[in-house]
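Asker: This is a predicted model, with the sequence first.
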Amino acid sequence: MKIEIDKGSGFCFGVVNAIKKAEQELATSPQLFCLGDIVHNGQEVHRLAARGLKTIDHERLNTIANEKILFRAHGEPPSTYEIAKQQNLTVIDATCPVVLMLQKKIKKAYQENAGAQIVIYGTIGHAEVNGLVGQTNGHAIVIEGEHNFDKIDFSKDILLFSQTTKSVKEFNRLVARLKEVKPPQTNFYYFDTICRQVASRIPNILNFAVKFELIFFVSGKKSSNGKVLFEECKKVNPNSHFISDLDEIDFSLLKNIETIGICGATSTPKWLMEQVAETLKSYVQQ
Ligand code: SF4
């Protein structure tokens with residue numbers, strides 16, 4: 001049986017950078033706080049927790065003081081930096097440079113276009129999106145799709161941005177629909193701010209998934225990039241299965257199968273995909 005791991009799957013540079021920063025800090029400190037999961041992958045969070053990384057949520061941020069805290073790749077709104085300052089926290093800022101650039105772009109657009117609406121195509125409540133909305137003092141409108149168009153005031157100009165992990169195809173579809181529904185006098189500007197680390201994964205995963213009889217797609221359930229990539233996988237290979245951990249492998253799927261591909265999201269650790277491959281090999285050899 002042929003079992004292959006996709007070389008193009010695994011952490012993007014933003015996640016690699018955040019983990020590197022955490023590991024560097026933990027090499028000299030017994031503990032480091034992290035605001036939210038450093039990566040949408042339970043196993044990697046667990047691995048770093050064993051080394052002293054303490055994940056807390058925004059509510060707990062107010063309860064710690066004089067500590068070191070890491071802000072992950074998703075970025076944070078200005079209000080979080082304020083709280084960190086008040087609590088005398090030392091911030092290890094691992095905001096991805098791509099997200100940082102987008103935050104600055106949105107902030108500038110908001111400051112320079114009074115009266116226009118900043119619209120963000122993204123997942124409501126997602127950490128990166130909250131960080132982006134924070135650049136506009138909370139005024140940006142978040143839309144998840146056409147069904148949220150009722151949030152937009154079409155008598156005002158619109159500036160549309162995208163969360164970095166959204167699909168380019170869906171973004172373009174949304175742009176086309178907005179052009180159709182907006183009145184002619186409303187100015188509409190749009191900026192494709194999707195991260196190419198994510199966008200380039202789609203053609204890669206399509207090429208990979210089509211080559212195998214069975215695909216195990218490994219990703220944390222909270223990863224939005226994981227959801228997008230898995231959907232793409234299924235389009236070219238309906239025998240694709242989403243797993244988050246080794247115990248989710250359904251071995252009955254291996255019946256009459258000769259080739260298996262293993263791939264994952266930008267938040268999936270390589271070591272986890274290797275463990276999946278090893279588990280499958282051991283099962284086959286039994
Ligand atoms: S997906 Fe892109 S924007 Fe998001 S953390 Fe990775 S490199 Fe940065």
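Answerer: Nice, I can see it.

Asker: Now the element after the helix-or-strand element of the chain with minimal mean pLDDT, going C-ward?
Answerer: In the chain, no helix or strand scores lower on mean pLDDT, DSSP states H and E than helix 196-199, which sits at a mean of 84. Moving toward the C-terminus from helix 196-199, the next helix or strand (DSSP states H and E) is helix 201-209.

Asker: about what we covered before: distance from the least confident helix or strand of the chain to the middle of the chain?
Answerer: 11 Å (C-alpha atoms, centre = their mean, to the nearest Å).

Asker: Mind listing what's buried along that helix?
Answerer: Within helix 196-199, the residues scored as buried using 16 or more other C-beta atoms under 10 Å are 197-199. C-betas here are computed from N, CA, C, even on glycine.

Asker: same thing with stretch 143-150?
Answerer: Those would be 143-144, for stretch 143-150 by 16+ other C-beta under 10 Å.

Asker: How about residues contacting it?
Answerer: 119-124, 142, 151-152, 170, 174, 177-178, 181 (C-beta atoms under 8 Å, 6 or more residues apart in numbering).

Asker: show me what contacts the residue nearest to Ile69 when sequence neighbours are not counted?
Answerer: The shortest distance from Ile69 to any non-neighbouring residue, by C-beta to C-beta, 6 or more residues apart in numbering, is to Phe33 (4.3 Å). Shown in contact with Phe33 (C-beta under 8 Å, 6+ apart): 53-56, 64, 67-70, 89.

Asker: for the residues you listed, which one is nearest the ligand?
Answerer: Closest approach between the contacts of Phe33 and the ligand, by C-beta to the nearest ligand atom: Leu70, at 13.9 Å.

Asker: Could you count how many residues lie near the residue of the chain found nearest the ligand?
Answerer: Relative to the ligand, the nearest point of the chain is Gly14 (2.4 Å; C-beta to the nearest ligand atom). Gly14 is flanked by 26 other residues according to other C-beta atoms under 10 Å.

Asker: ok, so what distance separates it from Met101?
Answerer: Gly14 is 12 Å from Met101, where distance means C-beta to C-beta, to the nearest Å.

Asker: Pro203 too?
Answerer: Taking C-beta to C-beta, one finds Pro203 at 23 Å from Met101.

Asker: just Ala176 next, same as before
Answerer: 25 Å.

Asker: between the two, who's got more neighbours?
Answerer: Met101 (13 against 9).

Asker: So is the helix or strand the more buried one falls within next to the ligand?
Answerer: Counting by DSSP H and E, the element that carries Met101 is helix 97-112. Yes - Helix 97-112 is in contact with the ligand by C-beta under 6 Å from any ligand atom, via 98-99.

Asker: could I have that helix exported to PDB, CA atoms only?
Answerer: Extracted in PDB, the C-alpha atoms of helix 97-112 (Å, rounded to 0.1, in the frame of the first residue of the first chain):
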ATOM      1  CA  PRO A  97       3.300  40.300   9.200                       C
ATOM      2  CA  VAL A  98       0.600  39.700   6.600                       C
ATOM      3  CA  VAL A  99      -2.100  40.300   9.200                       C
ATOM      4  CA  LEU A 100      -0.200  43.300  10.600                       C
ATOM      5  CA  MET A 101      -0.100  44.800   7.100                       C
ATOM      6  CA  LEU A 102      -3.900  44.200   6.700                       C
ATOM      7  CA  GLN A 103      -4.600  45.800  10.100                       C
ATOM      8  CA  LYS A 104      -2.700  48.900   9.000                       C
ATOM      9  CA  LYS A 105      -4.400  49.100   5.700                       C
ATOM     10  CA  ILE A 106      -7.900  48.900   7.300                       C
ATOM     11  CA  LYS A 107      -6.900  51.500   9.900                       C
ATOM     12  CA  LYS A 108      -5.800  53.900   7.200                       C
ATOM     13  CA  ALA A 109      -8.900  53.300   5.100                       C
ATOM     14  CA  TYR A 110     -11.100  54.000   8.100                       C
ATOM     15  CA  GLN A 111      -9.200  57.200   9.000                       C
ATOM     16  CA  GLU A 112      -9.100  58.500   5.500                       C
END
